[in-house]
Structures are given as C-alpha cells and as structure tokens.
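In: Sequence and computational prediction follow.
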Amino acid sequence: MASPPVPDTGSSPLTAGPARRYDLDWIRVGAFLLLILYHVGMLYVSWDFHVKSPRIVEGLEPLMMLTNPWRLTLLFLVSGAATRFLVDGFEARGGHAGLRLAGSRFMRLLPPLVFGMLVIVPPQSYFEIYAALQAHNIPDPAHSVWMKDFWVHYATSWGQWCDADGCLRTPTWNHLWFIAYLLPYGLIIALMTAVAGRPLKALGQLLERPLSGWGLLIWPILWFVLLRFTLAPRFEITHDLTGDWYNHAISFGAYLFGFLTARSEVLKAAYIRMRRPALVLALLSWVAWAGYAWIYRADDAMPPEALRMAMRVVYSIDQWTFMAAILGYGARYLTHGGPVLRYLTVGVFPFYIVHQTVIITAAHYLMPLNLPLPVEAGLVIGATVAGCFLAYEIARRIGWFGLLLGVKPQAANRPPRAA
C-alpha cells in the first residue's frame, strides 16, 4: 500500500523511487509550524514587526535566534527537493517535463500570491498603520483621513502612509515573499530541465563524492561563508525580489541544492552519519552567535572588527549545521507517515498563507486588554492555530477556488491508493 502523493508548498509529491521520503514531509510540516511560533514571538521582541506589543521580552531574543539563520533556507531546500520529485513524475508520465513544471508552478503559486496580496495581507497593513497613528496620538485612527477607503488606496498604491522611517508601499506581499520567490525559482528549474535535463541531474551525482563524508559539513559552510563576506555586506535582505542578491544566493542556492540531491541515497546516508557532529556544531555556533548578538544588542554598540568577521563565520556554521542535523535526524527517525502527516502536508501551505494575518489581527484586539502576558500570547497562538485550520477546512471544500489558499482539490481529498 502506498500513500497518496504529498505536496510541497506547491503540492509536489515527495517520493523517491519506490521509497517515500516521509522525513522531508515531516521536516517541511515542522518548519512551517515553527514559523507560526516565530512570528508570534516577533510581537514581543525588540525587532521590527508590523504590530508590536508594548511589553517587550528581550530574553526571548536568544531563543528566537535559534532558528533565525536557517528556518526559511531549509524550506527552500525541501521545496527544491519536492520540485525534483515533481519533475521526475512528469517525466515518468511522458511529455515535456519542463513545460509541465512551468505550468504547474503558475497554477499552484500565482493564485495564492495574488489573492494573498489583495485579500490576506491588507489587514496586516491596516493594523500596522493603525498602530502608527496611535503612536502619533491620532484619535480614532479607524475613522481618520489616513484610513478612509483603505483597501482602494492599498490596492491602487494611492495610500501615502509615510513616517520618519519611510513609506509603506502597497500592495505588498509581506510574509508571502516566500511564494513570490518560489515562483521564479521553479520557472528557472523548468527552463533548465527543458534545456539540459539529463546533465542537470548528472550534476547531482557529481556532488555525492565531495559531500559523502565531512565534506557534507565543510563545503556548504564554506559556501555560506563566501556569501557572508561578499554579497551580505553589499546587499541587505529586502524580500522585494529585485536587487535582493544575497538572499537569492542563499535561497535559490538551497532550492537548487535540494533539487540536485533529492534522489541521492548516498547523501541521505551521509546526513544520517553526520547528524551528531552537525548538531554539536550547530548548538555551539548558536550559543556563540546569540551571545554575541545579546552583548552587542544596543543600537550604538560597536563590536571589534575582528570579532565581526569571526561572527560571519560562526553565523555560516550555524546556518548549515542546523539544517544538516535536522535532515540527518529526520532521515534516521522520521520514516513513517500516516493520516496526520497526509492531512498536514497539504494543510501547511494555507496555514502559511493566513497565519501572519491572524497573528496580527488577534494581537491588535488582545493587547489593549492588558491580560497577563502568558495568557495573551497563548490566546494569540490559539487564535492563530484555529484560524489556520479554519482556512484549510474552507479551502478543501470549495473546489478549485481552494487554489486561492494553495489547496488543489485532488490534493485535499484524494484517498489512499493501492500500490
């Protein structure tokens, strides 16, 4: 008995020949659920966010830094792997795999991106502007001139929402930048598949030898170090797609790496062998990086230049070794599926699409109540989880309109099939 195909953020099956890659399914689900908790945490730390609690918990920041360097890079890597399995599935059924992949990416990613920017994200901008008006002592922000005809001004870029820190440009994709980047990445792979499919896959096999031992840790770390010293100082991460070259090098690099190595049993075994040293290095580098960020957290802090350079290397070690450890432990222990996994592998995409809007909306209405902080945070988390499940259940019941929330009818309702 085989389970139904499992989607990535664009519903790509994660099968590896006759064996299922349940480990990658679980890792993707876990990474998306972790992102929900991370964005709740953003309410309560000193870093910029759309809506902020007046009760900042600085001690939460080192814990948040546990996932900062790698959480989305890991998702790009797993999404690249899912794209490889999708391409292989197209090839097995005949036809032009590159062309079919391009069509699949447009159908699966463009509708939720456009719908998200016009319907899901606007409440985030609304409450962000509302909070800014409150901070400037504007009475009744909801009925102020700045909020009049909000959605029309949002959708048409007519809103002149500016302060000393700059202007809010709309429409915007906010957290949906991940989808905005997945779409061109998928199209690039589609073109590469159409032009040089076999050499592209052969390149993945060439990576096996240098990455089969300690090279699995050393070479990717050196790649991240190179990017930290070359692109990172010149290109700040902006999530605006154009000019975001450091972010593209990290994210598309991970996506392409996942695509090239997804089928490799050699590298899967290497991840398993290297999981313990990877975890040790990951925890040590996190302690060093979080400690450095904590000590020099003040706006006017000036760490020594040599220390700053050293921390670029530490950050790179943190970035890759956590991913390698997760992939290794996942390959070793996350080897079984089941109904929960089948449900969540489809559900995490609509969860991702709606979660930040629910977080910000819930926080907007809960924070004025001045509840005990653990109660407030717990209610925000509970409301977010409930909102995510509600959105998914609606999406899986409205047929092809479910694509607006990233749910394809067949993916949500397909029963298990016999092998």
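Out: Thanks, I have it. Residues are numbered from 1 along each chain as shown.

In: tell me the contacts of residue 282?
Out: 317, 318, 321, 322, 324, 325 (CB atoms under 8 Å, 6 or more residues apart in numbering). Placement of C-beta: from N, CA and C, glycine included.

In: Narrow the residues you listed to those in helices?
Out: Members of the contacts of residue 282 lying in helices (criterion: DSSP state H): 317, 318, 321, 322, 324, 325.

In: So how do I select the buried members of the contacts of residue 282 in PyMOL?
Out: Command for PyMOL that selects the buried part of the contacts of residue 282, burial taken from 16 or more other CB atoms under 10 Å:
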select buried, resi 317+318+321+322+324+325
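
In: what secondary structure does the residue sitting furthest away from the middle of the chain sit in?
Out: Distance from the centre of the chain peaks at residue 139, with 37.2 Å (CA atoms, centre = their mean). When classified by DSSP: H, G, I helix; E, B strand; the rest coil, residue 139 comes out as coil.

In: quick one, helices of the stretch 251-400 of the chain?
Out: With helices called from DSSP state H, counting those that start in this stretch, the stretch 251-400 of the chain shows them at 265-273, 275-295, 305-333, 339-366, 373-395.

In: how about the strands in the stretch 101-250 of the chain?
Out: 161-163, 166-168 (DSSP state E, counting those that start in this stretch).

In: of all the ones you listed, which lies closest to residue 101?
Out: Ranking the strands of the stretch 101-250 of the chain by their distance to residue 101 (criterion: CB to CB) puts strand 166-168 first, at 35.1 Å.

In: helices or strands up against the closest one?
Out: helix 122-135, strand 161-163 (3 or more CB pairs under 8 Å, 6 or more residues apart in numbering; DSSP states H and E).

In: Tell me which of these sits most buried.
Out: The highest average neighbour count among those, using mean count of other CB atoms under 10 Å, belongs to helix 122-135 at a mean of 19.

In: what angle sits between it and helix 339-366?
Out: On the basis of axes from the mean of the first three to the mean of the last three CA atoms, to 10 degrees, helix 122-135 is oriented at 30 degrees to helix 339-366.

In: ok, and what's touching helix 122-135?
Out: 50-52, 141-142, 144, 146-147, 150-151, 154-155, 161, 163, 168, 170-172, 174, 356-357, 360-361, 364.

In: what about burial for the residues you listed, which qualify?
Out: By neighbour count, with 16+ other CB under 10 Å, the contacts of helix 122-135 hold 50-52, 141, 146-147, 150-151, 154, 161, 168, 170-172, 174, 356-357, 360-361, 364 as buried.

In: So, low pLDDT: which residues of the stretch 301-419 of the chain?
Out: Confidence mapping of the stretch 301-419 of the chain against pLDDT under 70 gives the ranges 410-419.

In: no, scratch that, I was asking about the stretch 1-150 of the chain
Out: Along the stretch 1-150 of the chain, segments meeting pLDDT under 70 span 1-20.

In: how about the residue farthest from the centre of the chain, phi and psi?
Out: Backbone torsions for residue 139, taken as degrees, to the nearest 10, come to phi -70, psi 140.

In: measure it to residue 133 for me?
Out: Using CB to CB, to the nearest Å, residue 139 is found at 9 Å from residue 133.

In: what distance separates stretch 376-388 from the middle of the whole chain?
Out: Here the centre of stretch 376-388 is set off from its chain's centre by 20 Å, with CA atoms, centre = their mean, to the nearest Å.

In: Let me see the contact set for the residue sitting nearest the centre point of the chain.
Out: Of all residues in the chain, the one closest to the mean position by CA atoms, centre = their mean is residue 72, 3.9 Å from it. By CB under 8 Å, 6+ apart, the residues touching residue 72 are 35, 178, 251.

In: Swap in 10 Å and give it another go.
Out: 31, 35, 38, 177, 178, 181, 247, 250, 251, 254 (CB atoms under 10 Å, 6 or more residues apart in numbering).

In: With distance to residue 191 and neighbour count added, can I get the residues you listed in TSV?
Out: Listed next are the contacts of residue 72 as TSV, based on distance: CB to CB, whole Å; neighbours: other CB atoms under 10 Å:
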residue	distance to residue 191	neighbour count
31	27	21
35	29	21
38	33	16
177	22	20
178	21	21
181	16	23
247	21	23
250	21	24
251	18	24
254	19	26
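
In: Switch those residues over to TSV; also include distance to residue 392.
Out: Below are the contacts of residue 72 laid out as TSV (distance: CB to CB, whole Å):
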residue	distance to residue 392
31	17
35	15
38	20
177	21
178	18
181	23
247	28
250	29
251	25
254	26
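
In: Can you say which of the helices and strands packed on strand 166-168 is nearest to residue 281?
Out: Taking CB to CB, helix 122-135 is the member of the helices and strands packed on strand 166-168 nearest to residue 281, at 36.6 Å.

In: one step back: can you tell me which residues contact the residue farthest from the centre of the chain?
Out: residue 133.

In: repeat for residue 150
Out: Residue 150 makes contact with 122, 123, 125, 126, 129, 130, 142, 159, 161, 170, according to CB under 10 Å, 6+ apart.

In: how about TSV for these, with distance to residue 313 added?
Out: Below are the contacts of residue 150 laid out as TSV (distance: CB to CB, whole Å):
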residue	distance to residue 313
122	41
123	41
125	38
126	42
129	40
130	42
142	49
159	43
161	40
170	39
